[in-house]
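Engineer: Curious how this folds, go ahead:
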Amino acid sequence: MSVKYEITDDEAGPTLLLKDQLTFADRDVFDSLIDKLLARNKRKVTVDLSLLDYMDSAGLGMLLTLRDRAERARAEVSIRNPRSEVRELLVLACFDSLFTIEQA
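Structural biologist: All right, here's what the predicted structure looks like:
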């Protein structure tokens, strides 16, 4: 698995911190992370990309899967602090219209 991750909880809901890379090879692990995040039954899930160096198109697909499953669970997904290269990819893919992208 190339992606490293950490889940933290606060009042607003869980935050998933992704590190290094998010690629097709991480699909199975990411699916289990979605289960863990949504099992917390919070209204908001945050994905922190501040330590993510690279994401491929499969990584974009995984974020869409998270969004779709969260919507069914009546939760909102926001993306926090993507690095410039990852942010460019998100904007090119029009993810800024699908997700709230927070810059701290």
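
Engineer: gap between the residue most central in space within the chain and Phe24?
Structural biologist: Central residue of the chain (Cα atoms, centre = their mean): Val47, 3.8 Å from the mean position. For Val47, the distance to Phe24 equals 18 Å [Cβ to Cβ, to the nearest Å]. Just so you know, the C-beta spots here come from the backbone N, C-alpha and C atoms, and that holds for glycine as well.

Engineer: OK, contacts around the residue nearest to the centre of the chain?
Structural biologist: 15-16, 18, 63, 66, 77-80 (Cβ atoms under 8 Å, 6 or more residues apart in numbering).

Engineer: Considering the residues you listed, which is situated nearest to Gln103?
Structural biologist: Arg80 (7.9 Å; Cβ to Cβ).

Engineer: For that closest one, give its distance to Phe24.
Structural biologist: From Arg80 to Phe24 the distance is 23 Å (Cβ to Cβ).

Engineer: Kindly report the same for Arg67.
Structural biologist: Arg67 is 18 Å from Phe24, by Cβ to Cβ.

Engineer: Okay, buried residues for the longest strand belonging to the chain please.
Structural biologist: Criterion DSSP state E: the longest strand present in the chain is strand 44-55. Within strand 44-55, the residues that count as buried by 16 or more other Cβ atoms under 10 Å are 45-49, 52, 55.

Engineer: would you turn those into CSV with distance to Val91?
Structural biologist: As requested, the buried residues of strand 44-55 are exported to CSV (distance: Cβ to Cβ, whole Å):
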residue, distance to Val91
Val45, 21
Thr46, 19
Val47, 16
Asp48, 18
Leu49, 13
Leu52, 15
Met55, 13
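
Engineer: All set, thanks.
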